[in-house]
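**Student:** Sequence first, predicted coordinates after that:
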Amino acid sequence: MTKSFFGNTVLSGLDLTLEPGQVHGLVGENGAGKSTLMKMLAGVYTPDSGTIVVGGEQVSFSHPVQAQRAGVSTVFQEFNLLLERTIAENIWLGREPRRFGKAGPVDTARMRRDTEELLDGLGVSGLKAGTLVRSLSVAEQQIVEIAKAVSFDAKVIQMDEPTAALADHEVELLYSIIRRLTDRGVAIVYVSHRLKEIFDLCQTITILKDGQHVATRPAGELSEAELVRLMVGRPLTTYFPEKPADVVVGDVRLALSGVGNGYVDDVSLEVRAGEIVGIAGLQGSGRTELLETVFGVHPVARGSITLDGAPLKVSSPRQGVRSRLAFITEDRKAKGLALNQSILDNALGVVRSVFPRRTSVARREMPGVLSGLEVSAHSLGQEVQFLSGGNQQKVVLARWLSIDPLVVLMDEPTRGIDVGAKHRVYELMRELTRKGVAVLMVSSELPEVIGMSDRILVMKDGTLAGELPAGASEEAVLAMATGATNEEEAA
Amino acid sequence: MSATAARTPGTPESPRTPSTPDGPGATEPKESARRRRAARPKGARRLDSTALIYLVLVGVVVVSVVLTGIEGRNFFSQGNIWAILTAMSVLGLIAIGQTLVILVGSLDLSVPYVVSLSTLIAAGGMKGLDANVPAAVFNTLVVAAVIGLAMGVLVSVFDVHGFIASLGVGLIVSGYLATNYQGSHGAAAPDLRLMGRSGIASIIPTAFLLLLVAAALVTLVLRYTRLGHHLYAIGGNRDVARMSGVRTALPVISAHVMCSVLVAIAGLLLLSRTGVGSPTIGSQGRYDLLSIAAVVLGGTLLAGGKGSVIGTMGGVAIFAVLDNVMGVMQVNPFLKDFVRGLVIVLAVAVYARRSVVRRPPRFGGTRPVLPGAIAGSTQKGEGA
């Protein structure tokens, strides 16, 4: 099976060959062109030039369905599922089997049978064809997506960050499904930021950078460090700005003692002025909920929070803002910005609604703040939806800087933004600490947590599993997050 | 990293292990159980929404029986049941049409004007003669279908939101009615009027049987045809449907055409009772808002993608019973509207709460993350 490509601008001059029964890893930083490549193979985009050959036949797709018919299925990072429909209805959507020929009624019995056969073939038992997708966990929904991809008799299945939303033990399950598929001779394109998975699964690895094909190598010939070097194009150490010497870590700014509610339990922690405390943990370990609780999104049922020694009572985000807490959400597009409003309106959003009297001052200062953050845009009147992820995030930051925060709560501050913007965010965090701001940062990117934090707190199952000093190893953090520490020592 | 790698691939996960993977790190079962309970709402088993609607209906009936009894009347008298079922049939047909349109993610605000228009076309065509019935009915339905087609095309091809498309088309029809008809017009054929009075055993009116047939047919369409499946899919998420190869225009158009035709049939039923075509009968009945209210009360999501005709029928029945009992008690009309409004708002508030609660917990749920173990080696699925 051969696939050749000759794309353009975002992606150029790439040749990719997929072997049946093999897992082909596709790695690269954000914006390297992985998604573009996948979308071309999936029939979402049409390549400007170049050809795609499946099983010796040249094909061209202008619609995802054509790609699926040709044997190329894709599991996108965002699920394409109807929450209010059953598993079977989702899988066979658009191709429902019918009784009595073409005009007949939908054969629901066969749909159910085929679905269960399909799930059995993947080694999944216990999922019922008639279950509503809404009631499934993220991992189960992921399985439905994969089953749907397989149901087209796929020769090639692309998976985009399939583990992004999965907990650690669920990843194992995905691995076993992938092995079953490769045993059947399916070729898998596997995109992931998690290098461990790439090495666990892939036989061949293709590295992309800035839309260019860097290298394709057998996995056995690559070390992790080498892979990172190829991806980033520079050694990892210069990635995070040095902790400036003049930062004075002051008194305790934010303190939680025994805080608990329906999402987190018995969390006690302190963040001092000028300190960056990182929170690591698996997806679903309650990290986001902890930040949301501090900010007032979820009520505190047990325990107490103090800010600069005084009790902090917040029962709504508005009160959080009034207490000069800033919350940079992980879901910038849904919760952080009004996408169809201008940069200026977004940047002034918080001040305007919570501290209206400061608006005119903020408006005067805002152009300076934005250019200080290196936001690149035509004008401040541009709608934020047309900005890149990095620039959007900078607008979010400007929005919160305008309230002169005492504490900045950051949830995945660099998710989905390019390297340059990442670097700017890191620098900003350092600048904040110089001003005595306390920073509490949640991140799934371990290097980020390790590289930026003065101390690292690890969450597991809604509570703190422990604390690690700055510069702890990724292994130590992961071990604590998965609860594998004891297991390790015993072994 | 090595710690996680220690977990060998293919290790069978216990189905009863929620989010604590393994290892002695996962102690304190009592502690986590408490947290889990805190994270979960009370009442593990949850009623399905259709069951809830019918439970509410039963409650409303019980209250009505009592209140009617206090007035010294019998709720279950032949006349009263007949009145309730008759009241249900017109709103019911319209609400079934509205259900289709709402399911696919659109809306139909032209309903009252199409009702009025169809009484006028039918009455004008019949001119009080039985011989004219087939042609008049045919013309009425065709005109309604064309109106539905127009709205469907506007919504699906020109991407006009259903709210605006149907509002615009409704206003056009309303303008046509106002300029061409000053008062009642034409006359229903005697046969049609007879049908309006006929029924089984003076309890079940023919009109209600017609409603049941329509409800059954539409339910079959929704459950067992591709069209039905695709209506749900498009209403649930148009992009997902399109990405799955569903042609999105045709189902939207079909829903609008079916809706308008059902509305026209409702108009014919009204005509069978009033005997003359009227340009204002639809707007007086406020069928636009009432039908939407009945659909929403019946558990259909206003955003589309979820709902059923059976639920809508429950919603229609609740309104019919409420109206009936308030009529018996001679409640003043403003209070009637107040009660209707209260019921709708409360119902939707309850639904909204339920749908929030029904989201799977983010972690520590009482349910295992995967109901069945996935083993790398053995596989004995449960089959069908």
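**Tutor:** That came in fine, so what should we check first? Not measured: the values here are computed from a predicted model.
**Student:** tell me which element residue A:359 is part of?
**Tutor:** helix A:359-372 (DSSP states H and E).
**Student:** ok, now residue A:294?
**Tutor:** Using DSSP H and E, residue A:294 falls in helix A:287-295.
**Student:** count of neighbours near the residue in the stretch 51-200 of chain B that chain A sits nearest to?
**Tutor:** Nearest to chain A, among the residues of the stretch 51-200 of chain B, is residue B:103, at 10.1 Å (CB to the nearest CB). Just so you know, the C-beta spots here come from the backbone N, C-alpha and C atoms, and that holds for glycine as well. Residue B:103: 27 surrounding residues under other CB atoms under 10 Å in any protein chain shown.
**Student:** Just to check, it is in contact with residue B:255?
**Tutor:** Yes: judged on CB atoms under 8 Å, residue B:103 makes contact with residue B:255 at a distance of 7.2 Å.
**Student:** which residues do those two both contact?
**Tutor:** Shared contacts of residue B:103 and residue B:255 (CB atoms under 8 Å, 6 or more residues apart in numbering or on different chains): residue B:231.
**Student:** which strands and helices sit next to the helix holding residue A:359?
**Tutor:** If you count contacts as 3 or more CB pairs under 8 Å, 6 or more residues apart in numbering or on different chains; DSSP states H and E, helix A:359-372 packs onto helix A:343-354, helix A:389-401.
**Student:** quick one: average confidence on it?
**Tutor:** Helix A:359-372 comes out with an average pLDDT of 89.
**Student:** now swap in stretch A:289-302 and tell me
**Tutor:** Average pLDDT, stretch A:289-302: 91.
**Student:** Now find how far off-centre that stretch is within its chain.
**Tutor:** 22 Å (CA atoms, centre = their mean, to the nearest Å).
**Student:** Start and end of it, how far apart?
**Tutor:** Start to finish, the residues bounding stretch A:289-302 are 15 Å apart (CA to CA, to the nearest Å).
**Student:** any bit of that stretch sitting next to chain B?
**Tutor:** Yes: using CB under 8 Å from any CB of the partner chain, stretch A:289-302 reaches chain B at A:289, A:301.
**Student:** What residues of that stretch count as buried?
**Tutor:** By 16 or more other CB atoms under 10 Å in any protein chain shown, the buried positions in stretch A:289-302 come out as A:289, A:290, A:291, A:292, A:293, A:294, A:295, A:296, A:297, A:298, A:300.
**Student:** Equivalent analysis for stretch A:18-25, please.
**Tutor:** Buried-residue list, stretch A:18-25, by 16+ other CB under 10 Å: A:18, A:22, A:23, A:24, A:25.
**Student:** can I assume the fourth one is in contact with residue A:18?
**Tutor:** Yes: Residue A:24 is in contact with residue A:18 according to CB under 8 Å; the separation is 5.4 Å.
**Student:** Identify the contacts common to these two.
**Tutor:** Contacts common to residue A:24 and residue A:18, judged by CB under 8 Å, 6+ apart, are A:187, A:189.
**Student:** where exactly do the strands run in the stretch 1-150 of chain A?
**Tutor:** Per DSSP state E, counting those that start in this stretch, the stretch 1-150 of chain A carries strands over the ranges A:3-4, A:15-16, A:23-27, A:52-54, A:57-59, A:72-75.
**Student:** And the contacts of the last one?
**Tutor:** Translated: strand A:72-75. For strand A:72-75, using CB under 8 Å, 6+ apart, the contacting residues are A:38, A:41-43, A:54, A:61, A:64, A:67, A:142, A:145-146, A:148-150, A:152, A:154-160, A:162.
**Student:** For chain B, what is the nearest residue in chain A?
**Tutor:** In chain A, the residue that lies nearest chain B is residue A:126 (2.1 Å; CB to the nearest CB).
**Student:** which parts of the stretch 301-450 of chain A sit against chain B?
**Tutor:** So far as CB under 8 Å from any CB goes, the stretch 301-450 of chain A lies against chain B at residue A:301.
**Student:** Tell me where the model's unsure across the stretch 301-450 of chain A.
**Tutor:** Counting by pLDDT under 70, the stretch 301-450 of chain A shows no low-confidence range.
**Student:** Which residue ranges of it form helices?
**Tutor:** For the stretch 301-450 of chain A, the helices defined by DSSP state H, counting those that start in this stretch cover A:317-322, A:343-354, A:359-372, A:389-401, A:419-434, A:446-452.
**Student:** Buried by neighbour count: which residues of the first one qualify?
**Tutor:** Of the residues in helix A:317-322, those with enough neighbours to count as buried (16+ other CB under 10 Å) are A:317, A:320, A:321.
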